[in-house]
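> sharing a sequence plus its predicted fold:
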Amino acid sequence: YYTNMEGAREGHRSLEPAPIMASELGANWKNMTWTHFMMRMFNRIHFTQVEAHLLMVQLPGWKKLLARLMWDYIRDIPWRLKTPISRRLACGSAGVARLYLSVLKREIPLEFNTQMVELIADGDTVLGAVIECNGQRQRVRAAKGVILASGGFEKNQALREQYLPAPTNTTWSAGNPGNEGDALLAGLELGAKTRLMNDAWWTTTLCVPDEPAPRLAIMEKSFPGSCVVNRDGKRFANESQNYMAFQKDLFKTHTEEHPNAPAWHVFDATFRENFMVGPLMTKAMKPDSQIPKKWFDEGFVAKADTIRELADMLGIDADGLEETIGKMNHYAETGKDEDFGRGDSAYDRYYADPAIKPNPCLAPIVKAPFYAMRIEAGDFGTLGGLDTDTSARVKKADGGVFGGLFAVGNCSAAILPTYPGPGATLGPAMTMAYQAACHMNA
Ligand SMILES: Cc1cc2nc3c(=O)[nH]c(=O)nc-3n(C[C@H](O)[C@H](O)[C@H](O)COP(=O)(O)OP(=O)(O)OC[C@H]3O[C@@H](n4cnc5c(N)ncnc54)[C@H](O)[C@@H]3O)c2cc1C
């Protein structure tokens, strides 16, 4: 994600779960919670991250891939009779299905719809937990220890306001709806040490009217022929850099008088013809007449014949926006973004259009009508939490570690000092869970 840093090398070794057929789980597939709907075409057909890149940027072969995914889906009539979700799982669904399969093979019992409400401790040693299922509470004694893995506190507004930078709102977070910081609070109750509490896995999100959760806005900001502006009509960051760095820049200059959130992704008719933006397919696939009226009424999308009219519709400073678009058009010509260096790094160019010259991240924003889509200062989870050692044992605020208490994933403080690349959350979570299990069995 930081290919512009000294010593950085281009390319990547990102891993993603190999797709798997849901039918491999037998009747247990019904217990699955599917991956975020934005990772499913038409809310139904799973695709991998590699396939998502091909489809979104419309790289060579995207039409063939689209046809294959759709054909495989349509002809799978036996599975269609069970569920509208594709049999072939990818991304998070595939990762969880594979873990679930391992659990089933080892005949490890699982409890569903069960909440950990309290830890049971004797001094500095955790003995078990109080759990609640269907309103019934139960005390469970742990044979070897308790591993907390209940995610961050992104869906707890009070904790967000206590720890995270403003503005902050649970509704902008794409994290799991059940992540209210229960493990963190249970740990704090015992006197646990915390770290990195004022940080999150930041990304701008799109809160589309009537959709059940926000979408991550990762690739589209990078496409040429668009820019992201604040209420003053000014850009505040390089739109093509990685999503975490973009949002850190958003917070850096955000003030109540000059807010950067919400921000608006502004693009023109040419961009609309060539690229998908969040839920908005290209113009050929979703003409303007098919854009839901609610999107306009609720200020999620705006469309106007001039930049000035667009600004007025959104309550953005019109002079500021005109000046910004003028600058972007000049940079598209020279190939040099003099304000934020957009397109200078290899990462910037990853989601760009190689056909655009001289800078694949910059194209003029000149063809009416002009559009804007509202984006929020979101996240896909918090990254601060219970401080742990290399065996994932939870540290005490007054020194040492608790006996029998481990924390992994987003309820623990992130072990990486920054966000070097994709997998920076799931990789460490799985590694530390393995460490915890090894320690328990040592
Ligand atoms: C659309 C999207 C794409 C992503 N892509 C990537 C990616 O490519 N690579 C990557 O590394 N990360 C990615 N992430 C982030 C990654 O999914 C999360 O960081 C990761 O899932 C966090 O794992 P976790 O186990 O800590 O928590 P979660 O996966 O959030 O799971 C926590 C679970 O605990 C449950 N829970 C909460 N409280 C309790 C309680 N008291 N008792 C019992 N259960 C409880 C919750 O309901 C939830 O099911 C993505 C996230 C999103 C939303």
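Done, it's in.
> drop to CA atoms for contacts and neighbour counts, all remaining ones
Noted.
> enumerate the residues of the stretch 301-442 of the chain near the ligand.
Listed as neighbours of the ligand in the stretch 301-442 of the chain under the rule CA under 6 Å from any ligand atom: 380-381, 409-411, 422-427.
> in helices, which of the residues you listed fall?
Among those, DSSP state H puts 426-427 in helices.
> how about the residues of the stretch 301-442 of the chain next to the ligand, which pair is most distant?
With distances taken as CA to CA, the most widely separated pair in those is 411 and 422, at 19.0 Å.
> out of the residues of the stretch 301-442 of the chain next to the ligand, which sit inside strands?
Members of those lying in strands (criterion: DSSP state E): 380-381.
> can you put the residues of the stretch 301-442 of the chain next to the ligand in CSV and add distance to residue 277, neighbour count and pLDDT?
Rendered in CSV, the data for these read as follows (distance: CA to CA, whole Å; neighbours: other CA atoms under 10 Å; pLDDT from 0 to 100):
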residue, distance to residue 277, neighbour count, pLDDT
380, 19, 22, 95
381, 22, 24, 97
409, 30, 28, 97
410, 29, 30, 98
411, 32, 30, 98
422, 21, 15, 85
423, 23, 13, 87
424, 25, 15, 90
425, 25, 19, 94
426, 26, 13, 94
427, 28, 12, 93
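> between the residues of the stretch 301-442 of the chain next to the ligand, which is closest to residue 340?
residue 422 (22.9 Å).
> what's the burial count for the nearest residue to that closest one once chain neighbours are set aside?
Once flanking residues are discounted, residue 422 sits nearest to residue 14: 6.6 Å by CA to CA, 6 or more residues apart in numbering. Counted with other CA atoms under 10 Å, the neighbours of residue 14 add up to 8.
> also residue 416?
Using other CA under 10 Å, residue 416 is surrounded by 11 other residues.
> run a quick neighbour tally on residue 155.
Neighbour number of residue 155 under other CA under 10 Å is 24.
> surely it and residue 168 touch.
No. Applying CA atoms under 8 Å as the test, residue 155 and residue 168 come out as separate, 10.7 Å apart.
> just the buried positions in stretch 296-314, please.
Within stretch 296-314, the residues that count as buried by 16 or more other CA atoms under 10 Å are 300-304, 306-311, 314.
> my bad, stretch 349-362
Neighbour count says stretch 349-362 has 349-353, 358-362 buried, by 16+ other CA under 10 Å.
> make TSV from these and add secondary structure and pLDDT to it.
Formatted as TSV, the buried residues of stretch 349-362 follow (DSSP: H, G, I helix; E, B strand; the rest coil; pLDDT from 0 to 100):
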residue	secondary structure	pLDDT
349	helix	94
350	helix	89
351	coil	88
352	coil	91
353	coil	90
358	coil	97
359	coil	97
360	coil	96
361	coil	97
362	coil	98
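> domains in this protein, by residue range?
20-105, 114-202+380-441, 205-377 (automatic domain parsing).
> end-to-end on the second one?
I take that to be domain 114-202+380-441. 25 Å (CA to CA, to the nearest Å).
> list the helices and strands the helix or strand harbouring residue 104 packs on?
According to DSSP states H and E, residue 104 maps onto helix 91-105. Applying 3 or more CA pairs under 8 Å, 6 or more residues apart in numbering; DSSP states H and E, we find helix 91-105 packed against strand 20-21.
> list the contacts of the strand it packs on.
For strand 20-21, the surrounding residues in contact (CA atoms under 8 Å, 6 or more residues apart in numbering) are 87-90, 94, 97-98.
> for the ligand, state which of these is nearest.
residue 90 (11.2 Å; CA to the nearest ligand atom).
> neighbours of the residue nearest to the closest one when sequence neighbours are not counted, how many?
The shortest distance from residue 90 to any non-neighbouring residue, by CA to CA, 6+ apart, is to residue 19 (4.6 Å). By other CA under 10 Å, the residues close to residue 19 number 20.
> hang on, residue 19 packs against residue 86?
No. With contact defined as CA under 8 Å, residue 19 does not reach residue 86; the gap is 11.3 Å.
> so what does residue 385 look like in phi/psi?
For residue 385, the backbone dihedrals (degrees, to the nearest 10) come out as phi 170, psi -150.
> before we move on, back to that, okay, the buried residues of stretch 296-314 in JSON lines with secondary structure next?
Converted to JSON lines, the buried residues of stretch 296-314 look like this (DSSP: H, G, I helix; E, B strand; the rest coil):
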{"residue": "300", "secondary structure": "coil"}
{"residue": "301", "secondary structure": "strand"}
{"residue": "302", "secondary structure": "strand"}
{"residue": "303", "secondary structure": "strand"}
{"residue": "304", "secondary structure": "strand"}
{"residue": "306", "secondary structure": "coil"}
{"residue": "307", "secondary structure": "helix"}
{"residue": "308", "secondary structure": "helix"}
{"residue": "309", "secondary structure": "helix"}
{"residue": "310", "secondary structure": "helix"}
{"residue": "311", "secondary structure": "helix"}
{"residue": "314", "secondary structure": "helix"}
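> quick check: beta-bridge partners of the residue of the stretch 201-350 of the chain found nearest the ligand?
Proximity of the stretch 201-350 of the chain to the ligand (CA to the nearest ligand atom) peaks at residue 216, 6.2 Å away. Going by DSSP bridges, residue 216 is paired in beta bridges with residue 205.
> please name the residues that touch it.
174, 203-206, 379-380.
> tell me which two of those residues sit farthest apart.
Going by CA to CA, the pair spanning the contacts of residue 216 furthest: 206 and 380, at 12.0 Å.
> ok, for residue 291, nearest residue in space, not its chain neighbours?
Nearest non-adjacent residue to residue 291, counting by CA to CA, 6+ apart: residue 280, 7.8 Å away.
> and for the one you found, the neighbour number?
Residues lying near residue 280 (other CA under 10 Å) number 17.
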